[in-house]
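Participant: Got a predicted structure here, sequence first:
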Amino acid sequence: GGLENPETAVGVRVKMEWCPASYREDLFHADVCRALSLPPGFVEVLPLQGGAMQDMNLASDPSDPACRSSEALAAELFALCEDRGSVLCSRYNQGREMFCHYPWATARATAAA
């Protein structure tokens, strides 16, 4: 399940102003999955863009008891990026708010068009 059906996924762009030197996409992916309570297959982290801009695709999990849509998940991620106390801000942006934008036309969506 997850991102085999990209029509239901929503693209998100997150920008870190102070991306740590130790940054690894796989660790960021794991932290996003944990923060949103999503199985790993429902979050796709794309290669890091210039200026520490991280694009990703989020897909809703049909087995989620809360029945959250991809848009709802993106909104949750947006809230996490605005919460300076969140694991994402503290671990990846020195406790500052992160810029978060959605829906974002990710590389995959553009290529499919």
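Facilitator: Sure thing, it's come through. Model, not experiment: these values are computed from the prediction.
Participant: Spell out the secondary structure type for the spatially most central residue of the chain.
Facilitator: Central residue of the chain (CA atoms, centre = their mean): Met56, 4.9 Å from the mean position. Secondary structure state of Met56, per DSSP: H, G, I helix; E, B strand; the rest coil, is strand.
Participant: any idea how far it lies from Ala79?
Facilitator: Relative to Ala79, Met56 is positioned 16 Å away (CB to CB, to the nearest Å). In this view, the C-beta of every residue, glycine as well, is placed from N, C-alpha and C.
Participant: re the thing from before, and the nearest residue to the residue nearest to the centre of the chain once chain neighbours are set aside, how many residues sit next to it?
Facilitator: Sequence neighbours aside, Val45 is the residue nearest to Met56 in space, at 4.8 Å (criterion: CB to CB, 6 or more residues apart in numbering). When neighbours are counted by other CB atoms under 10 Å, Val45 registers 18.
Participant: Val45 and Leu27 touch, don't they?
Facilitator: No. Val45 lies out of contact with Leu27 (CB atoms under 8 Å); the separation is 9.9 Å.
Participant: In terms of helices and strands, where is the closest residue in space to Leu38 that isn't next to it in sequence?
Facilitator: Nearest residue to Leu38, sequence neighbours excluded (CB to CB, 6+ apart): Asp61, at 5.8 Å. Element membership of Asp61, judged by DSSP states H and E, is empty: it is in no helix or strand.
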